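S.K.: Model the structure of this input:
(2 chains)
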Protein chains: 2
Amino acid sequence: MTRSRVAKARDEANEPSSQVVRFGPDKPLKLAAGLTLSPFQTAYQTYGSLNDDRSNAILICHALTGDQHVANTHPVTGKPGWWEALVGPGRVIDTDRFFVICANVIGSCLGSTGPASLNPETGEPYGLNLPVITIKDMVRAQAMLVDHLGIERLFSVIGGSMGGMQVLEWAASFPDRVLTAVPVATGARHTAQNIAFHEVGRQAVMADPDWHGGAYLKSGKHPGKGLAVARMAAHITYLSEPALHRKFGRNLQDREQLTFGFDAEFQIESYLRHQGITFVDRFDANSYLYLTRAMDYFDLAAEHDGHLTRAFTGTKTRFCVVSFTSDWLFPTEESRMVVHALNAAGASVSFVEIETDRGHDAFLLDEPEFHAAVGGFLKSAARNAGISS
Amino acid sequence: MTRSRVAKARDEANEPSSQVVRFGPDKPLKLAAGLTLSPFQTAYQTYGSLNDDRSNAILICHALTGDQHVANTHPVTGKPGWWEALVGPGRVIDTDRFFVICANVIGSCLGSTGPASLNPETGEPYGLNLPVITIKDMVRAQAMLVDHLGIERLFSVIGGSMGGMQVLEWAASFPDRVLTAVPVATGARHTAQNIAFHEVGRQAVMADPDWHGGAYLKSGKHPGKGLAVARMAAHITYLSEPALHRKFGRNLQDREQLTFGFDAEFQIESYLRHQGITFVDRFDANSYLYLTRAMDYFDLAAEHDGHLTRAFTGTKTRFCVVSFTSDWLFPTEESRMVVHALNAAGASVSFVEIETDRGHDAFLLDEPEFHAAVGGFLKSAARNAGISS
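M.R.: Model prediction:
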C-alpha cells in the first residue's frame, strides 16, 4: 500500500493526472536566479466555468506542501482536496459562480517542473541541477498559465502561507491583472526564525545518507527518514501551543502508565510521527528543499529597493488581508506590515484578524469567521465587478 | 583538533577531571522506572568553602546540555563555566561566602553515570540498556552526594530550565533539606509543545544510521549529523523571534547578493549550523535522548495525585521564582502556575518576571535585573539564616 503510494507520487511528478500546459523552447521561464527554465510544464486543476467576458477567474495559490488538488480527491492520498472547506459549489469560493484555477507551483512534485522532473538534457531527474526557484518565478509561471487560458485579468488571487506570498507577488508584479487579492496567514518576507526552522528541515533531509547529494532518484532511494524529521519540526510551527495543549496535553498513547522507554509514549509523539511518515509518501525531498528555499528568499520590500510600499504604488487591486491570532509562524504583526504598506500606497484594504487558538494551520480549517470574511469580501467585489451569481 | 575534542569528551564520560563520588552495591539509586542503578557515580565541582556549621551550601542544578563546570574552564571546550556571569568570588552567587556544589546529572555524559558509561555487567557502554532516568532520579542522586559531603540542609538550590525542574523536585522531595529555592525559566511540567520539540530531536538522532540502535560507541561511531539537527531545532526554541530578528534579521552571510543555492546563505543559517557542529563535539547522543526524555516525563502535579499544591504542602522553604517575558519554551504562565500552587500551599514566594527579548537563554546571559533579583533574595535569606558575609 505504502509502496504503491510512493510509486503513484513518482508518476504524478512527471505524468500528472491533472491538466498540463507545456511551454517549449520558444517560451522559457525567466528565473530570478538569472537563468531560464526551458522547456517546463505546469500541472493545474480548474473548477467551474469561465464566463463569456472571462471576468470570473479566481487563482488559488497553494502552500509549501500543498498542490493543485484544492477541491478534488487527491490522486496519491485519496483524501479530499486541501481547501474543500472553502472551495466548491455553493461554498465561499463558489465554483458555480467562479472559474477556479489552482496550479502546482514550479519546484513542487505534483506535475509541474521540479527537481523530480526529468531533465531533458540528461534524461535523468534534475535533482539539485534544477536552478533555485523563487516566489516570483512561481508567479511568472502562473501568469503564463493564465495567458494560456486566455484570461487577461483575474477576478481574485487567493492563498495562505506560501500561497499568500504568491498573492502579494502577483499584486506587485501584475497589478493590472489582479482585481482583488486575498493574502492569508502570510507576510511580505520570511523572518529569521522562519528561515531557521526551514534550515533545520533542510539539514535533516541532507543528513540522511539516502539523500545522495540530491541524486537519490537515480539510485531508487528516498531520504524518507530525514524528510520525516523535517516535516515533524515544521508541523510544530503550524500549530499553536494552546491547540497542542487542548488536543494532546500530556495524554499518554494507548496506555495509562508511563513505560519508561523511547517509544511514542505521549499522544503528541505518535501524532508527530504519523505526520512525518504520511508526508514522506506523497512528497519529494528535493522539492521540500526548493520550496523552503523559495520562501526563505521571499522579501518583497527587498525587491523594491527596501520599501514595501513601492511594491504597491498606484495599485488598483482591492485587498483583503487575513491573519490569525495564534499564528506564531506568520504572526499578525507580519500582516500588519503589509497593511501599513498598502495604506501608504493608497490601496483599498480590508484587514481581518481572526480570533482562534489553532495557529497557522487555521487557514486550512473550518474557521467560520475567516470564511465569512472572505465570502463577504468576494461577494461585494463580485457585485462591483458585475459578475452575476 | 575536533577529533581530539571528541576523544576528550569520551574520556570525561568515564574518567572525569571533576571530583567523583562512587556508590557501590550497598547504596543503589532507586529509579522512578522501578529499577535500581548500581553501582553508579556522580561527578561534581565545588567552589568556595563549607562553613563550620555547614549552613552555607548552595546546590546549582544544570540544564539539559549543561554540566558541573559552572564556574571553571570547561575541560572539553576550553570555554568559561556556563554560569560565570552569576557564580564566582564577589558575584551574585558569591563563592567567597557560599560553598557552591554543581553535579553532573545522572544520564548525562560528563562523568556521572549515563548511557556512555561502561555497564559493569558487560564491560561495554550502557547505550539504551541504561534505565530511563527522571528528574526525581537526578535529584535523589544529588541528595546522596549532599549526604556524602556531610551537608544536612542546603542554604539554596538554584537552577534554570531542566535545572529549575530539579529545584522544584528538590523542594517537593526534600522540603526539610532546602532552606531556599530559586527555580528559573522553568515549569512544573513539560508541555505538549515542549515534548514535541524534544521528540523531533530524538527522531533526528535515531534517524542517523550511525546511531546503530544506541550501540554506536561499540562500533566507534557517533550519530553526529542527527544530533546536530536535534541541537539546531532545540536552539531555535532557546531564542526569541525578536532576538533572532535583532541579531540576524535577513542578513546574508559574507556576501552582498543572493547566490541562489543551498549553502548557508543567511547568517542565521551559519549560526545554527555552527551550534549543531560544536555541540556534537562535546555531547553524547544517547545522553541527549535520556535527558530530553527526563524533561518530557516531568510532571510534578502528577507525582502528587494531580495537585501541584500538594507537592509543597507545609513547606518552609522560601522560593524565588524567575521567568523571562520573551521565553516561549517556558513562558511566564508556567512559572505563574508554580507560584499559584506555592501561594495555595502557604509558602513564602517572591515572583520576578524579567523584561527581556532574549528568550529562554536569558537565564544564561548577562541580565542585570535577573542577577539583582537573585542577589537580593539570597542576601536577605543569608541574613535571616545568620550566614556571615
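S.K.: May I have the secondary structure class of the most centrally placed residue in chain A?
M.R.: The centroid of chain A falls nearest to A:A63 when counting by Cα atoms, centre = their mean (1.4 Å). When classified by DSSP: H, G, I helix; E, B strand; the rest coil, A:A63 comes out as coil.
S.K.: Please name the residues that touch the nearest residue to A:P28 once chain neighbours are set aside.
M.R.: Nearest residue to A:P28 in three dimensions, chain neighbours excluded: A:S38, at 3.5 Å (Cβ to Cβ, 6 or more residues apart in numbering or on different chains). Where you see a C-beta, it was placed from the backbone N, CA and C, and this is true even at glycine. Each residue near A:S38 by Cβ atoms under 8 Å, 6 or more residues apart in numbering or on different chains is listed here: A:23-25, A:27-29.
S.K.: gap between A:S38 and A:E121?
M.R.: 11 Å (Cβ to Cβ, to the nearest Å).
S.K.: Give me the contacts around stretch A:114-122.
M.R.: By Cβ under 8 Å, 6+ apart, stretch A:114-122 touches A:10, A:13-14, A:39, A:41, A:106-109, A:124-130, A:214, A:217, A:284, A:286-287, A:289-290.
S.K.: Just the buried residues from those, in PyMOL please.
M.R.: Buried residues among the contacts of stretch A:114-122 (16 or more other Cβ atoms under 10 Å in any protein chain shown), as a PyMOL selection:
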select buried, chain A and resi 10+13+14+41+106+107+108+109+125+126+127+128+130+214+217+284+286+287+289+290
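S.K.: out of the contacts of A:S38, which are buried?
M.R.: For those, a burial check counting by 16+ other Cβ under 10 Å picks out A:23, A:29.
S.K.: Output the contacting helices and strands for the host helix or strand of A:K225.
M.R.: Taking DSSP states H and E as the definition, A:K225 sits inside helix A:224-238. Contact here means 3 or more Cβ pairs under 8 Å, 6 or more residues apart in numbering or on different chains; DSSP states H and E; on that basis helix A:224-238 packs against helix A:192-207, helix A:267-282, helix A:285-297, helix B:192-207.
S.K.: got the angle for it vs helix A:285-297?
M.R.: Interaxial angle, helix A:224-238 versus helix A:285-297 (axes from the mean of the first three to the mean of the last three Cα atoms, to 10 degrees): 30 degrees.
S.K.: Following the chain onward from helix A:224-238, which element is next?
M.R.: Heading C-terminal from helix A:224-238 (DSSP H and E), you reach helix A:241-247.
S.K.: now for that next one, which elements pack on it?
M.R.: On a contact count with 3+ Cβ pairs under 8 Å, 6+ apart, helix A:241-247 meets helix B:192-207.
S.K.: Around chain B, pick out the residues from the stretch 251-389 of chain A.
M.R.: Residues of the stretch 251-389 of chain A lying close to chain B by Cβ under 8 Å from any Cβ of the partner chain are A:258, A:260-262, A:264-266, A:268-269, A:272-273, A:276, A:289, A:293, A:296-297, A:299, A:302, A:328.
S.K.: what about burial for those residues, which qualify?
M.R.: Buried positions within these, assessed by neighbour count (16+ other Cβ under 10 Å), are A:258, A:260, A:262, A:264-266, A:268-269, A:272-273, A:276, A:289, A:293, A:296-297, A:299, A:302, A:328.
S.K.: Now the biggest helix by length in chain A: average pLDDT?
M.R.: Ranked by residue count under DSSP state H, the longest helix found in chain A is helix A:368-385. Average pLDDT, helix A:368-385: 97.
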